[in-house]
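Participant: Okay, sequence plus prediction incoming.
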Amino acid sequence: MRLRLVPSNTKINFFGKSKLAIWASVTAVFISIIFYLINGLNYGIDFRGGTMLMIKTSDSTSIQEIRKSLNVLDLGDTVVTKISDPADTLIGSPKQMFLIKIEQQGNDEEVQNNMIIGVKETLKKDIGEISFLQTESVGSKISDELIKKAVLAVCLAVFAVLFYIWIRFEWQFSLGAVLALIHDVIITIGIFSIIGLEFNLSIIAALLTIVGYSLNDTVIVFDRIRENLKKYQSVKLIDVLNKSINETLSRTIITSLTTLLALLALFIFGGEVIRGFTFAMIWGVLIGTYSSIFIASSILLKLGVKRDWNNKNTGNPGTNYSNFDN
Amino acid sequence: MLRFPIWKIIIILLPCLWGVYSFSPHFFYSQVEKYNDFKKTENFKTDNQSPEKLLWYDWAPSNLVNLGLDLRGGAHVLVEVNLEDVYSERILNFWPEIRKTLRTIRGDVGSFTQNLSDGDDSLIIKISKKSGISDAISILSNQISQSNKVLNFSKFEENKIKVSFNQQEKNKIDKQTMDQSLEIIRRRVDEAGTREPTIQKQGDRRIVIQVPGLGSAEELLQLIGKTAKLTFHQVIKNNVSCEKKPSSRNIIVPSIDDINSCLELEKRFVVSGSQLTNAQPSFDQNNRPAVSFQFNPVGGRKFGDYTKNNIGNPFAIVLDNQVISAPIIQSHIPGGSGIITGDFTVEESNRLAILLRAGALPASIKVLEQRTVGPELGADSIQSGKIAAIISGLLVLFFMFFSYGLFGLFANIGLIFNISLIFSIMAYFSATLTLPGIAGIVLTIGMAVDANVLIFERIKEEIKTNKSLYRAIELGYEKALTSIIDANVTTFIAALILFVLGSGPIKGFSVTLGIGIVTSVFTAVYLTRLLISVYFNVTKPKVLNF
């Protein structure tokens, strides 16, 4: 009755299709960049500045009514969307919720504040049964700062990791891991651009966690590669890599599954506020697992690694690096 | 490896037991919270019968994690203080001294005028003879900078001298301004009677104000967004054009009722709000809302003298550069008390009284962000967070049990201790739990078992190479350890960067993620090994059904 997800002795040749994997990834990265350039991202108010209101109304209210009510106020670029919560639908008590996004009103915060008060009063008057679940307003100054900080955070994380792996392993590992990471981050940003999901601060948190998670996976495979490189010094590099990935495969799958299970519960039951975050995480875990199996090791194979790991005298490392076998 | 000396067992078990012990009050959150609130009051020691005191036990642990505003509901405002406002005000105090010095060298500089507009951080002096500029700067520097050591004089354009504070003085003024602003915002929020607000300085010039339970940040902003600088001026002329250029002694101020109508007032004020000792909402003789006020003796005398000498003249009450009202002085007002009438609602007169009592902010403030979470959404978020955490916990527990049997059970015990440890550590440091924080915990649940999966998979491999069960387990733990450490250090780096650079929701997430990484390594590596060792020592199994 024991659950066996991965047979105990897999001998899958992960590099047989490595060209295909690399081409698929390159294409995906390319598509992501194209979409980003054309579509951009649906930035939340954290990054764009402006005002967001989340409201709950009675069942009969429609988007059109809200739009009509707001039109009178002449607020410039205003977007109203309806939110549906899968958890509520499961329980059978769907709520009627809307998200209203309003662009920044000039540079005067008093105008901004009065605008919010005005919007609330108008909606109360026109819609009747309404409650304001959440109101957020971010000035352009802070949103510029948040963007800078976010980009800095992601870059810093990638560099810190590059450095750590370089210290712990060799530069080829470090490069492999970081390229895999950049691949994960770009494709995740790409999916947000393609489906137009809101990109806000919590998505940055998700991106960084994906960086952490994908790395976690990659490092564990690398760790095994290093161990096997010491053990099988005369075996071809491609076979050592294959063996290492196969040996860690069941762990990779099981951990990805437990994490995905937890995230799935969060996605369904965690509520609207963190749904974007969980979506990014689920996507990231899938991509991260894929990249640490197919991308990071393929890069390692291309770059080659030093084979003589037992030699304590590393004073002259250059001599051993390019001893690869393919 | 599987034999533990007693001291090691104690070191492993103590934190686990502490974790469960300190976690326990969270099961009675609202009860313990009320008890803790009561504990802070003065009645706590004397009043033994009050219902709040009976809610929890003196001897029991009572540390709780704070719930963030997103879970509890409330208002959050981030503002920036325009520190430069104060420079321009202060620098003007030096003008008489500068003027005196410049007059002594009039032959070199010719005639001179000063120019300073609001918000400028330096005073510009224009002189008519540009040849004298370097002499003027050196004389001013020698005579004034030497004695007070706060001013810098420099050439601005060929005939202008720039006067500014030096960096040291600026820092000093900035600190004063921030301290004062914090104090006044605190007073205003307190006066309004809101419950346990958090008012904190952030960075050099920002202030975060969080008020749990408050229905809207807009309400909060009406209270703290205003500078509330109140001054009383002589009216030179009613109803002038707002475009009019006033003489150097006068200013043009718009009326609050109609922005397009302005009054010309004398620049120097008669008395200001800083001389008020009290302000209360009240009603005028026509029963319209108003604010009555009381001056201190000095202000009272000035006000009394002024009203005595100007009976029949209009006089303007100016708040934050707007004329609230400009009544005609009917009679001498001795005693230093008076009433401000205007077109107020009851609410507005209440608010104005609070603002006047609390005092004016030393500098104007700019709102950077305002966020409100309604109590309904907060409660919803707690509820969905709880459900998500429980369901994901159960899924992982089942999954581990079905994958690894008895050992999975050990891993599950580790997981449960792990979660209680995360909460206990957060409660110990009074950390704040936010919704992203809950996401961090759920993610930790998923990832925490990773260490155990690594170890168990390794043990399986070692068993395959026909090692004895004992040896296989020892090797499994030993060899998996480097992977576990590498993997967790990298994730920890990400959490650390999030913590340092992140703000608000991101920070909350990084805290739980970071704590979760540390505790999960502890429980997954040490606690499960202890459990396995106990199991082995008790049952002495020969084979293991993995």
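Facilitator: Everything's here; your move. Numbers count the residues shown, from 1 in each chain, chains lettered A, B, ... in the order given.

Participant: Can you list the strands that the host helix or strand of B:V253 pairs with?
Facilitator: Applying DSSP states H and E as the criterion places B:V253 in strand B:250-254. Within its sheet, strand B:250-254 is paired with strand B:262-266 (antiparallel), according to DSSP bridges.

Participant: Which strands or helices does the helix or strand that the partner strand is followed by pack on?
Facilitator: Sequence-wise, the next helix or strand beyond strand B:262-266 is strand B:271-272, with elements assigned using DSSP H and E. Using 3 or more C-beta pairs under 8 Å, 6 or more residues apart in numbering or on different chains; DSSP states H and E, the elements in contact with strand B:271-272 are strand B:230-240, helix B:297-309. Placement of C-beta: from N, CA and C, glycine included.

Participant: one step back: buried stuff in the strand holding B:V253?
Facilitator: Neighbour-count burial for strand B:250-254, with 16 or more other C-beta atoms under 10 Å in any protein chain shown as criterion, is recorded at B:250-253.

Participant: before we move on, back to that, any chance of the helices and strands packed on strand B:271-272 in JSON lines, plus mean neighbour count, distance to chain A and mean pLDDT?
Facilitator: Output for the helices and strands packed on strand B:271-272, formatted as JSON lines (neighbours: other C-beta atoms under 10 Å in any protein chain shown; distance: least, C-beta to the nearest C-beta, whole Å; pLDDT from 0 to 100):
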{"stretch": "strand B:230-240", "mean neighbour count": "18", "distance to chain A": "18", "mean pLDDT": "85"}
{"stretch": "helix B:297-309", "mean neighbour count": "16", "distance to chain A": "29", "mean pLDDT": "88"}
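
Participant: Which one, of those, ends up nearest to B:K460?
Facilitator: Closest of the helices and strands packed on strand B:271-272 to B:K460 is strand B:230-240, at 78.0 Å (criterion: C-beta to C-beta).

Participant: Please name every helix or strand in contact with the closest one.
Facilitator: Under the contact rule (3+ C-beta pairs under 8 Å, 6+ apart), strand B:230-240 is packed against strand B:250-254, strand B:262-266, strand B:271-272, strand B:315-319.

Participant: pLDDT of stretch B:76-88, averaged?
Facilitator: What stretch B:76-88 shows for mean pLDDT is 86.

Participant: Got phi/psi on residue 42?
Facilitator: I went with chain A, as the question did not name one. The phi/psi pair for A:N42 (degrees, to the nearest 10) reads phi -80, psi 80.

Participant: should've been chain B
Facilitator: Note on B:E42: backbone dihedrals following degrees, to the nearest 10 are phi -80, psi -20.

Participant: What is the burial count for it?
Facilitator: Using other C-beta atoms under 10 Å in any protein chain shown, B:E42 has 7 other residues around it.

Participant: who's B:R371 bridged to?
Facilitator: Applying DSSP bridges, one finds that B:R371 bridges with A:E136, B:H76.

Participant: Next, find the distance separating it from B:L220.
Facilitator: To B:L220, B:R371 is 11 Å away according to C-beta to C-beta, to the nearest Å.

Participant: Those two: which is more packed in?
Facilitator: Shown here are B:R371 and B:L220; by other C-beta under 10 Å, B:L220 has more neighbours (27 against 21).

Participant: Kindly confirm my reading that the more buried one is in a helix.
Facilitator: Yes - according to DSSP: H, G, I helix; E, B strand; the rest coil, B:L220 belongs to a helix.

Participant: what's it in contact with, if anything?
Facilitator: B:75, B:77, B:189, B:209, B:211, B:214, B:370 (C-beta atoms under 8 Å, 6 or more residues apart in numbering or on different chains).

Participant: which of the buried residues of strand B:250-254 lies closest to B:I10?
Facilitator: Closest approach to B:I10 among the buried residues of strand B:250-254 (C-beta to C-beta): B:V253, at 75.0 Å.

Participant: Please name the bridge partners of the closest one.
Facilitator: Applying DSSP bridges to B:V253 gives these bridge partners: B:L263.

Participant: That one reaches B:I324, doesn't it?
Facilitator: No - using C-beta atoms under 8 Å, B:V253 makes no contact with B:I324, being 10.4 Å away.

Participant: intersection of neighbour lists for those two?
Facilitator: Residues touching both B:V253 and B:I324 (C-beta under 8 Å, 6+ apart) are B:V318.

Participant: hey, what's in contact with both of B:R371 and B:L220?
Facilitator: Counting by C-beta under 8 Å, 6+ apart, the residues touching both B:R371 and B:L220 are B:75, B:77.

Participant: just to revisit the earlier point, any chance of the helices and strands packed on strand B:271-272 in CSV, with distance to A:I293 too?
Facilitator: Shown next, in CSV, are the helices and strands packed on strand B:271-272 (distance: least, C-beta to C-beta, whole Å):
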stretch, distance to A:I293
strand B:230-240, 70
helix B:297-309, 78
